[in-house]
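[1] What would the 3D arrangement of this be:
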Amino acid sequence: MINLGKKIPDVELLLTGNKIRRLSDYRGKWLVLYFYPKASTPGCTQEGLDFKDAIYKFRRQSTVILGASRDSLTAQERFKEKQGFPFDLIADTDETLCQAFDVIKMKNMYGKKVRGIERSTFIIDDQGVLRHEWRGVKVKGHVEEVLETLKALKKAG
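    Just a heads-up that it's a prediction; the model follows:
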């Protein structure tokens, strides 16, 4: 379980492009890690497109964007290619990353209880410390809020 102001766990990641990385590989840069319920669904597509549209603003902040869901690598590859995302997506099929960030919740889907990802975003600093989190994210306006919070955190040192 992660906590604000503490180092995040060094989880292994399976990224689009069939790359294996660890969270520690991103030390030296700030990281925005966002979790979404399912690739290629309307809300998840819009969130990804919003990050895509703001990618140069995040890059000017020396910040890497990574999106994560429980989808297969194939589904993530298709999603990234179709939408032209300029950042990698994580295929967290075994839920290791989801569990580390405690984003799996019971949700209501058409009157039934199902386990799913609660849309969440985390800002991790260049030392691997969790600096900010959003849970139960609403897509509209979220990316702008993430960018403004990132700038404020970096300015505060």
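[2] so residue 120 sits right up against residue 134, yeah?
    Yes - at 6.2 Å, residue 120 and residue 134 qualify as touching, with contact defined as C-beta atoms under 8 Å. Quick note: C-beta positions are derived from backbone N, CA and C, even for glycine.
[3] The two: which is more packed in?
    More crowded of residue 120 and residue 134, by other C-beta atoms under 10 Å: residue 120, with 20 against 16.
[4] partner residues bridging that one?
    In this structure, residue 120 has the following beta-bridge partners (DSSP bridges): residue 35, residue 135.
[5] State which helix of this protein is the longest.
    If you go by DSSP state H, the chain has its longest helix at helix 142-156.
[6] and that helix, which residues are buried?
    142, 143, 146, 147, 149, 150, 154 (16 or more other C-beta atoms under 10 Å).
[7] other SSEs contacting it?
    For helix 142-156, the packing partners by 3 or more C-beta pairs under 8 Å, 6 or more residues apart in numbering; DSSP states H and E come out as strand 30-35, helix 42-53, helix 55-60, strand 120-124, strand 130-135.
[8] again, only using 7 Å
    If contacts are counted by 3 or more C-beta pairs under 7 Å, 6 or more residues apart in numbering; DSSP states H and E, helix 142-156 sits against strand 30-35, helix 42-53, strand 120-124, strand 130-135.
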